[in-house]
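Need a 3D model of the following:
(one chain, ligands or ions: 1)
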Amino acid sequence: MTLSLGVLASGRGSNFLAVQREIENGTLDARISLLISDRAKAPALEIAREHGIEALHIPYQTKDRAVFERAAIEALDQAGCEVILLAGYMRILTPVFIRHFEDRILNIHPSLLPSFKGLHPQQQALDAGVKFSGCTVHKVIDDLDAGPIVAQAVVPVFDGDTEDSLSARILEQEHRIYAEAIRILSSERSQP
Ligand code: GRF
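Next up is the predicted model:
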């Protein structure tokens, strides 16, 4: 059964695009029913529209996070989204949103969780002097960058790496494992 996905994205949207490309290539049995961004200028909105995907900007009010989330929940439900992908979504979700889509929200993070949670994980990896880092897709729970791990990929860290060079090497793997994680979740969901 084709899985209906909703995406939350705040920026560039390369992970979302990688998932969409797998859908278009026929390697992922899913469709992206709606993309929502909290930022009007997020390139992800434009990319979605270019691919014929409904794209919605919902303004984010830091003073009242519930306003954004209520509108997002309503739009995602109305579009029939079964699974929600966080793809470079830079806000913290409240328990209300997480409970509404319990076990059905995935996030991608550019480190081998549980190491290097939060901001600038690639720089954190360089500062720690690790020889390998990578990326993780996990289910979202009410705790930042935590929750059951669905897929991971490892990349080497080279002497002389910068935050940018390491980020680019990790991003290549992110683009591969997000679709892989969706396939895993989808097959979990179709088991009796
Ligand atoms: C990615 O590195 C992702 O892991 C992190 O934010 C970045 C978003 O990139 N959560 P993009 O918008 O998908 O290009």
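
Show me what from this protein comes close to the ligand.
The chain comes close to the ligand at residues 9, 11-15, 87-88, 108-110, 171, 174, as judged by C-beta under 6 Å from any ligand atom. Where C-beta positions appear, they are placed from N, C-alpha and C, glycine not excepted.

In ChimeraX, select just the buried ones from the residues you listed.
Buried members of the residues of the chain next to the ligand, defined by 16 or more other C-beta atoms under 10 Å, are picked up in ChimeraX with:
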select :9,11,13,14,15,87,88,108,109,110,171,174
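
The residues of the chain next to the ligand into a markdown table, with extra columns for pLDDT?
Formatted as a markdown table, the residues of the chain next to the ligand follow (pLDDT from 0 to 100):
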| residue | pLDDT |
| --- | --- |
| Ala9 | 98 |
| Gly11 | 96 |
| Arg12 | 97 |
| Gly13 | 97 |
| Ser14 | 98 |
| Asn15 | 98 |
| Ala87 | 98 |
| Gly88 | 96 |
| Ile108 | 98 |
| His109 | 98 |
| Pro110 | 98 |
| Leu171 | 98 |
| Glu174 | 98 |
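
List the ones among the residues of the chain next to the ligand that fall in helices.
Counting by DSSP state H, the part of those found in helices is Ser14, Asn15, Leu171, Glu174.

Could I get the contacting residues of Ala42?
Ala42 makes contact with Ala9, Ser10, Gly11, Arg12, Gly13, His57, according to C-beta atoms under 8 Å, 6 or more residues apart in numbering.

any weak-confidence spans in the chain?
For the chain, no stretch has pLDDT under 70.

and if we set it to 90?
In the predicted model of the chain, residues 1, 61-65, 189-192 satisfy pLDDT under 90.

Tell me where it has helices.
14-25, 43-50, 65-78, 95-100, 121-128, 163-189.

picking that back up, identify, from the ones in helices among the residues of the chain next to the ligand, the entry nearest to Asp145.
Glu174 (14.2 Å; C-beta to C-beta).

Am I right that that closest one is in contact with Cys135?
Yes: shown here, Glu174 and Cys135 form a contact pair, counting by C-beta atoms under 8 Å, at 4.7 Å.
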